[in-house]
Each structure stands twice: as structure tokens, then as C-alpha cells.
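**Student:** model the following, please.
(one chain, ligands or ions: 1)
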Amino acid sequence: MKLVIAKDYEDLSKQAARLIAEEVTRHPSTILGLATGGTPVGMYQELIALHKEEGIDFSQATSFNLDEYVGLPGHHPQSYRTYMEDNLFTHINLPTDKTNIPRGDAADLGAECKRYEQAIAASGGIDIQVLGIGNNGHIGFNEPGSTKETTTRVVQLTESTIQANARYFHKIEEVPTQAVSMGIQTILGAKKIILLASGKAKAEAVHSMLEGEMTPDVPASLLQQHPNVTVIVDEEAASALSAKTRN
Ligand SMILES: N[C@@H]1[C@@H](O)[C@H](O)[C@@H](COP(=O)(O)O)O[C@@H]1O
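**Tutor:** Numbers count the residues shown, from 1 in each chain. Below is the predicted model:
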């Protein structure tokens, strides 16, 4: 995996946005894999600026998000659909009907997971997938124990993930306990992957991902088998890495 240590969060966000913008410029009908969470917010702001100031054009692109909470309709203020609308979609020219996010409120969630996986395959597959990382090494909502064979499915969130995500809800009881998430196999199917991590709380997970053994106990470590991963971190998130990995 290629490691980039950015100066700070702003630099990390700019570098990540540049990679996406280059991809969209080179290949306008790019299939983007998008992530939520606090970490990519700065990257989305940079992409909006690149769209407005440099005319980066998303009109022919398609996007697939990693995951969505079970039980939240798209219009719910804490749904990942709302997050994406607010942080990116309403500010760029990606057509709404080309933005895909699993339906967490589907009546038949099993069918929804199949439909989503098939839609990704039918698009030709994800060209560039953005990932964050959970404190416990999760990617998307693939919690520890997720194997490399997993595809889009309903997952149970761990207590630590529920706690980490409670900051977006009024109270912890409101945080859904399940999500629909692309699987590890789905993510590994992307042609390129960019993983972003910022802050001290991610240092241990970044260390295990890059320097630990490949194990479903740290789902992000399974990315070691992918041929084209760029990990962009800031100094704090890099703080548990050995000198050898840093160089
Ligand atoms: N499903 C999302 C992940 O995709 C994200 O990577 C993680 C970390 O979020 P943050 O960037 O806010 O630390 O949070 C959630 O669990």
C-alpha cells in the first residue's frame, strides 16, 4: 500500500480531492465509491471548490456509497443519504439519479443488498473507492470479523462504533444498531482505493492496517492484498507507525 503523510487535515483533504478530480477528468464516466463520517468532509469541500473554480465536471460520473443505517429513510437528518446531499451532491453536477446509496428502509433488506451488489457489477465496477477507517479498524461498516468473501449485507454495529457515531444523534439510543454495508469483497473489487485517516484516535488502527497481519479482526488490514491502495494520513494518525513504514 502506498502511504502519504500529509502536513495536516487540510493538506490531506486537498490531496485526496486531487486524486478524485484527476480520475474524473481523465475518465468522465468514472464510477466513484464514496464514504461518510467526519474524515472525508474536508475532501468533499475541496471537490466542491474544484468543481466551482476549475470546472471539474461530474455530469457523466456515477457514485455508489459504502453504507447506510438500517431503519433510516433517505430523508432522515442522520441518514447517509442526507449527509451526502448536504456535504457534496447538492453542490456539484453529479446527476441525482446516478447517485447510489443502499436503502436502509427497504422492506426486504436481503433483496436490497443483492440489488445493490448487482448494480455495482452492472455499472462495470468501482473505479476509485474512498474509505475512512473506524477506531477498531472497520471500513464501511465492516466490523471486526468481516472476512474477505463478504458482499453487501446487513451488519450489526459494535458498541464502540455506536458510541463513536453517537455524536451525530441527539442521544445514543437513537443510533441504529444495524447497517447495510458493502462487503470486503465489494470494496476489494474497486480498481483503486484511497483511505483517509486523521487524528490521534486513528493511530492504532492505521498501525494495525499497515504493519499488522492481514486478519478479519482488523478489516482494513485486508486491503494489503489490493494492488492499488493509497493511504493518506495526517501526522497524528501516522504517529504509531515505525520509521521504516514512514519512509
Ligand atoms: N460507516 C462509517 C465509516 O465509513 C467511517 O470510516 C467511520 C469513521 O468515521 P470518522 O471519519 O467520523 O472517524 O465511521 C462510520 O462508521
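**Student:** pretty sure residue 163 sits against residue 177.
**Tutor:** No: using C-beta atoms under 8 Å, residue 163 is not in contact with residue 177; the gap is 11.9 Å. For glycine as for every other residue, the C-beta is placed from the backbone atoms N, C-alpha and C.
**Student:** and residue 48, its phi and psi?
**Tutor:** phi -60, psi -40 (degrees, to the nearest 10).
**Student:** quick check: it touching residue 94?
**Tutor:** No: judged on C-beta under 8 Å, residue 48 makes no contact with residue 94 at a distance of 11.0 Å.
**Student:** compare those two (neighbour count), which wins?
**Tutor:** Using other C-beta atoms under 10 Å, the more surrounded residue of residue 48 and residue 94 is residue 94, with 24 against 17.
**Student:** from the ligand, how far out is the more buried one?
**Tutor:** Separation of residue 94 from the ligand (C-beta to the nearest ligand atom, to the nearest Å) stands at 19 Å.
**Student:** quick one: that residue and residue 60 touch, right?
**Tutor:** No: assessed by C-beta under 8 Å, residue 94 is found out of contact with residue 60, at 9.3 Å.
**Student:** okay, and the beta partners of residue 64?
**Tutor:** With DSSP bridges applied, residue 64 shows beta-bridge pairing to residue 33, residue 100.
**Student:** what is the neighbour count of it?
**Tutor:** For residue 64, using other C-beta under 10 Å, the count is 24.
**Student:** contact partners for it?
**Tutor:** 31, 32, 33, 34, 100, 101, 116, 119, 120, 123, 126, 182 (C-beta atoms under 8 Å, 6 or more residues apart in numbering).
**Student:** if you rank those by neighbours, which is first?
**Tutor:** residue 182 (29 neighbours).
**Student:** which bits of the chain sit near the ligand?
**Tutor:** Counting by C-beta under 6 Å from any ligand atom, the chain comes close to the ligand at 35-39, 66-67, 132-134, 140-141, 161, 165.
**Student:** please point out which parts of the lengthiest helix in the chain sit buried.
**Tutor:** Using DSSP state H, we find that the single longest helix of the chain is helix 9-26. Within helix 9-26, the residues that qualify as buried are 9, 12, 13, 14, 15, 16, 17, 19, 20, 21, 23, 24, counting by 16 or more other C-beta atoms under 10 Å.
**Student:** spatially, which residue comes closest to the fourth one, not counting chain neighbours?
**Tutor:** Counting by C-beta to C-beta, 6 or more residues apart in numbering, residue 14 lies nearest to residue 46, which is 5.3 Å off, once chain neighbours are set aside.
**Student:** and what of the third one?
**Tutor:** With C-beta to C-beta, 6+ apart as the criterion, residue 13 has its nearest non-adjacent residue at 3.1 Å, and that residue is residue 42.
**Student:** what's the answer for residue 207, then?
**Tutor:** With C-beta to C-beta, 6+ apart, the residue lying closest to residue 207 is residue 240, at 3.9 Å.
**Student:** over to residue 52?
**Tutor:** residue 91 (7.9 Å).
**Student:** where's that neighbour relative to residue 51, distance?
**Tutor:** 7 Å (C-beta to C-beta, to the nearest Å).
**Student:** picking up where we left off before, and the helix or strand containing the residue nearest to residue 13 with helix 9-26, angle?
**Tutor:** Element membership for residue 42, per DSSP states H and E: helix 41-54. With axes from the mean of the first three to the mean of the last three C-alpha atoms, to 10 degrees defining the directions, helix 41-54 sits at 50 degrees from helix 9-26.
**Student:** residue contacts, residue 61?
**Tutor:** Residue 61 touches 24, 28, 29, 30, 31, 32, 94, 98, counting by C-beta under 8 Å, 6+ apart.
**Student:** correction: the previous question concerned residue 67.
**Tutor:** By C-beta under 8 Å, 6+ apart, the contact list for residue 67 reads 36, 80, 102, 140, 141, 179, 180, 181, 182.
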